[in-house]
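K.L.:
what follows is a protein structure lacking sequence information:
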């Protein structure tokens, strides 16, 4: 089983490589270091949001408010900066905002028993509304240089934010692999009742997942605000759906308990790369969505076929194993 | 069904809320009580009702269809482009309906024949249909339909296709006595769906699937056909919504209805359909749609901003759900207490 | 042997490990436990017997903290206890080894053992290894847990309990998926644990095993303890009497005398094969009860699912009422006169959240009207079956989930009968239902055969098979290994064949 899910990540990586190579046949510019680096840079927002969403999906939940949460955090960041707050405090305020937004979801789902999709759909509306109420509906522009600065930093010709995100991914991957409490996300998603009977704090785990989703959305908000230098009212609009798609692409199963940070990252990278490759191929950006949808459906369909075939084989081999045992006994 | 049953129903509660809401808003702003205004204001949210009514049936099966908002745009742009190509507007409309239904068939087929979560499937088609809608003008250019318009059809993708014939615009600005055509269509649509849901094998099967899909198969119900039917109807609702919006805004656009997802699902859930399947009624969705729609109109009329309304809508959705959940838990608690104490006496 | 697990066995009866008194539990207004009392002493193996739905699992879930009791008291080692969660129960020394072990297939065996505990891996493996050797559990702890056998998974669960210093271990039907040999090993380990002063609750519905391992036996029926005695003073006959409904034997006698004549073939199965069974062939006649016995996992249910086409991968010939049906589905079978009443009525039979009558008519919706469903017709059919099957409901619109287990089963049976079948496959029709409902089901089977319906009766309760069947097929490990008829149908022959004993003797 484990090997198969590893191969899902591999499959997407291979697909990604094929996509890049084929595009390169038509446009040599793709192979340039800067182009690849730019794809990474462009994928950061989605990657971070997808990582947060991953925790929720691992516990067999869903969070469709992450895009709105990122937007709200960005508004807080922009507003506090324009109020003259030092950048450190503004970033802190944005992170607290995102985390709190996640905690609101967590509270509704774990304590008020609202189904995740309903709860987060509700807060999606609330957070988007709050964004506009705070700003009066206008974009936040003229942000101080201090927030745009980090986007220009680079280390070894790789943008600072790419490094930062890589470190975040590495930390997340390490924690989910090694830290015992992080294993609870998998246990709860895999078998909620079993986890409860084993004494695992199920509600707390779910609470943590939605809180983390909010936290990661805030990180994403900081990155894209720095990258584009202003906050639009459509900031991160639709990212909730893209983040879910990225996770599903990367092998994070909506039925819970299966998936890795690497998978979520590759899924997000793939979604972004499709956009970039279309540009390199001279295909208008309007086709983005169509390609994203077709790829998502193709991958889940292949996954479905592979899964059912494997299950059938497993059942057959189990039966064969049994009859083998009969022979052994007699 | 006896009277006691009716008074205790969720639909009755929604009805009382609706009356109370109109009364309160009327007190604040008397023009709100004008029946003609009230009916006219339904035009603003008729697309939500069209989409929400049949979505109820999908949610009863414990499924979900979020691709409807893309089907709206797909229908609209198809209609516009076919018309631009010189086809009669109503023939164009028929072609657009057909395309929308094909989209629904795709959803239904995928859901019925795999075990993939309907949310994932319709998320995929949400992107795919939206992308097709956005790309369609450019695609037609590529295929050599350059003749129309100087900048090619691709220009329509941003501006939308305007100048639609009056006969088409009249679909939404006309009315029978004081009832706008779309509202009449909604009532007829709701009546047909309600009949389907409560009085036919198909409708019964929807509930059975939502409560226990395995048992439904074991009972010999053709579950695949039923599921395909449900998603097809959901697409039909989106198609009607797309046509209404096109006529109402007098412009065919690929991105019509894009922001309607939240209000549509809020309507269905507030209407009493359980996202986990097995419950919900068309009447409930209709009443909830009116409740939310009039609330929006009323709040706008007294100067509340759109943004705050969005916040209120979101909060309402959460509160409605939390109340129902907690009430169910409390209800069972009370029932168990009563059983225990009666056993003690007995 | 580790010092941690080795507790000095307390002097008998000085202090009870566990004491339940007058415990009640109600679900959705239906009482599931009606004032049960239960004790467990250190070093004791106390068996709790009862059919599914009798309240066994509920009792165990209350003891292990998964459910809270609605009324009554619970004492652990003499002190009153309020167990709000399994975690609290663990801290009070209680651990349940569930029927289906909770395995996280994506974690290693060591991680599976340690999950829910705050122990660093090094310390964990240090604690685990002596426990493993005590239990004779040889395995590589770094392996993925996905490949453990059921028996190993159970050992893993036992180790989980011992890691939590459990003084009370509950085994919920641990032998249902084990082979004979594995069961023997498990019993050895259970005796060893008891010798360490741990109290064990052993839940089962297998008389032989209970008589073999338990010190004390209690029988739970319909939410009440109807029998509780030390094993030394218990005879199998007394146990059977306690478990079965009071009048079961009388009715079976009258059943024999009223046996109807057997008619032509209504179901023919030839060389049916699937992943779960091999080369099944048999025929069933009108007016006949054909018993199908065998252990859980012997392929009984899979065979019936293949017959009705739920398993599309099965290959072979199935002839229903003269029609050869190469392609089958429940719907097609129904049209040709065969209905299947599945074993797991909650998962496959009933629609709990809907009115009871919706379940009854689920299979015959086309008969309720060509275009529109007729409420009158539905009401007629619903009320007819409520009368005929003696279903206790307030009205046919009462939500099925609020009915008792027996009445739920009758609703499921009504669904099957509504289609007026020529052949009916009953998979465990009396599992978990109370005495009087059981009688009603027996009466129904008799009425059906009189009308010339062929009945394929699948049951784990071999007594039931023996008493009701005209012929008996026994399945063992996916094969029909025995066909019995006439005087050969007796408990001993059927039991032996179910455990593959006669098969191995031949080999």
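P.N.:
Everything's here; your move. Remember, it's a predicted structure, so these values are computed and weren't measured experimentally. Numbers count the residues shown, from 1 in each chain, chains lettered A, B, ... in the order given.

K.L.:
going forward, measure contacts and count neighbours with C-alpha atoms only.
P.N.:
Fine.

K.L.:
just to check, residue A:253 is in contact with residue A:59?
P.N.:
No: if you go by Cα atoms under 8 Å, residue A:253 and residue A:59 don't touch, sitting 9.9 Å apart.

K.L.:
low-confidence stretches in the stretch 251-400 of chain C?
P.N.:
When residues are selected by pLDDT under 70, those of the stretch 251-400 of chain C lie in C:251-261.

K.L.:
ignore what I typed, I meant chain A.
P.N.:
For chain A (pLDDT under 70), the answer is A:1-7, A:314-330.

K.L.:
SS state for the residue of the stretch 151-300 of chain A found nearest chain C?
P.N.:
The stretch 151-300 of chain A approaches chain C most closely through residue A:199 (4.3 Å), counting by Cα to the nearest Cα. Taken by DSSP: H, G, I helix; E, B strand; the rest coil, the conformation at residue A:199 corresponds to coil.

K.L.:
who touches it in this structure?
P.N.:
Counting by Cα atoms under 8 Å, 6 or more residues apart in numbering or on different chains, residue A:199 touches C:85-87, C:90, C:116.

K.L.:
any idea how far residue C:118 is from it?
P.N.:
11 Å (Cα to Cα, to the nearest Å).

K.L.:
coming back round to it: please name the nearest non-neighbouring residue to the residue of the stretch 151-300 of chain A closest to chain C.
P.N.:
Closest residue in space to residue A:199, ignoring its immediate chain neighbours: residue C:87 at 4.3 Å, by Cα to Cα, 6 or more residues apart in numbering or on different chains.

K.L.:
re earlier: for the residue of the stretch 151-300 of chain A closest to chain C, what are phi and psi?
P.N.:
Phi and psi for residue A:199, reported as degrees, to the nearest 10, are phi 90, psi 10.

K.L.:
one more: the one 4 residues further on?
P.N.:
The phi and psi torsions at residue A:203 (degrees, to the nearest 10) take the values phi -60, psi -40.

K.L.:
could you report the neighbour count for it?
P.N.:
Using other Cα atoms under 10 Å in any protein chain shown, residue A:203 has 17 neighbouring residues.

K.L.:
for the spatially closest residue to residue C:363 that is not a sequence neighbour, what are its contacts?
P.N.:
Among residues not flanking residue C:363 along the chain, residue B:219 sits closest, at 4.7 Å (Cα to Cα, 6+ apart). For residue B:219, the contacting residues are C:330-331, C:349, C:362-363, by Cα under 8 Å, 6+ apart.

K.L.:
interface residues of the stretch 1-150 of chain A facing chain B?
P.N.:
Remark: the part of the stretch 1-150 of chain A in contact with chain B comprises A:108, A:112-115, A:118-119, A:121-130, A:132-133, using Cα under 8 Å from any Cα of the partner chain.

K.L.:
from those, keep the buried residues only.
P.N.:
Listed as buried from the residues of the stretch 1-150 of chain A next to chain B are A:108, A:112-115, A:118-119, A:121-130, A:132-133; burial here means 16 or more other Cα atoms under 10 Å in any protein chain shown.

K.L.:
what are the buried residues along the helix or strand containing the residue nearest to residue A:199?
P.N.:
In this structure, residue C:87 sits in helix C:86-91 according to DSSP states H and E. Buried residues in helix C:86-91, counted by 16+ other Cα under 10 Å: C:86-90.

K.L.:
need these in TSV (columns: pLDDT).
P.N.:
Output for the buried residues of helix C:86-91, formatted as TSV (pLDDT from 0 to 100):
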residue	pLDDT
C:86	90
C:87	89
C:88	90
C:89	91
C:90	90
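
K.L.:
for those, give me TSV that also has distance to residue B:77.
P.N.:
Listed next are the buried residues of helix C:86-91 as TSV, based on distance: Cα to Cα, whole Å:
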residue	distance to residue B:77
C:86	58
C:87	58
C:88	61
C:89	62
C:90	63
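
K.L.:
roughly how far out does the host helix or strand of residue C:439 sit from the chain middle?
P.N.:
In the assignment (DSSP H and E), residue C:439 maps to helix C:435-450. Between the centre of helix C:435-450 and the centre of its chain there are 20 Å (Cα atoms, centre = their mean, to the nearest Å).

K.L.:
would you mark the buried spots in it?
P.N.:
Buried-residue list, helix C:435-450, by 16+ other Cα under 10 Å: C:435, C:437-442, C:444-446, C:448-450.

K.L.:
can you name the next helix or strand after that helix?
P.N.:
Helix C:435-450 is succeeded, C-terminally, by strand C:454-458 (DSSP H and E).

K.L.:
which secondary structure elements does the helix holding residue C:439 contact?
P.N.:
When contacts are defined as 3 or more Cα pairs under 8 Å, 6 or more residues apart in numbering or on different chains; DSSP states H and E, helix C:435-450 packs onto helix C:248-257, helix C:405-418, strand C:454-458.

K.L.:
so what's the residue nearest to residue A:199 up against?
P.N.:
Counted by Cα under 8 Å, 6+ apart, residue C:87 has contacts A:197-200, C:65.

K.L.:
and with 10 Å instead?
P.N.:
Taking Cα atoms under 10 Å, 6 or more residues apart in numbering or on different chains as the criterion, residue C:87 is in contact with A:196-201, C:64-66, C:93-95, C:116.

K.L.:
top of the residues you listed by neighbour count?
P.N.:
Tallying neighbours with other Cα under 10 Å puts residue C:95 at the head of those, with 30 neighbours.

K.L.:
show me what it bridges to in the sheet.
P.N.:
Beta-bridge partners recorded for residue C:95 (DSSP bridges): residue C:169.

K.L.:
go ahead and confirm it touches residue C:170.
P.N.:
Yes: Residue C:95 lies in contact with residue C:170 (Cα atoms under 10 Å); the separation is 6.3 Å.

K.L.:
and for these two, which residues touch both?
P.N.:
Jointly contacting residue C:95 and residue C:170 under the rule Cα under 10 Å, 6+ apart are C:63-64, C:158, C:161, C:200.

K.L.:
what's the end-to-end length of stretch C:313-330?
P.N.:
Start-to-end span of stretch C:313-330 (Cα to Cα) is 15 Å.

K.L.:
ok, now how distant is residue C:474 from residue B:174?
P.N.:
75 Å.

K.L.:
okay, these two: which has more neighbours?
P.N.:
residue C:474 (26 against 14).

K.L.:
in which helix or strand would I find the more buried one?
P.N.:
Counting by DSSP H and E, residue C:474 is part of strand C:471-476.

K.L.:
I'd like the average pLDDT over that strand.
P.N.:
Strand C:471-476 shows a mean pLDDT of 90.

K.L.:
could you identify the helix or strand that succeeds that strand?
P.N.:
Counting by DSSP H and E, what follows strand C:471-476 is strand C:479-485.

K.L.:
what lies in contact with that next one?
P.N.:
Contact partners of strand C:479-485, identified using Cα under 10 Å, 6+ apart, comprise C:273, C:276-282, C:290-294, C:298-300, C:303, C:466, C:469-476, C:489-490, C:493-494, C:497-498, C:500, C:502-503.

K.L.:
show me those that map onto strands.
P.N.:
Within the contacts of strand C:479-485, residues falling in strands by DSSP state E are C:273, C:280-282, C:290-293, C:471-476.

K.L.:
can you pick out the most distant pair from the residues you listed?
P.N.:
C:273 and C:471 (22.0 Å; Cα to Cα).

K.L.:
sorry, back to before: could you tell me the least trusted of the helices and strands packed on helix C:435-450?
P.N.:
Looking at those, the weakest mean confidence is helix C:248-257, a mean of 42.

K.L.:
for the contacts of residue C:87, which one is nearest chain B?
P.N.:
The shortest approach to chain B among these belongs to residue C:66, at 16.8 Å (Cα to the nearest Cα).
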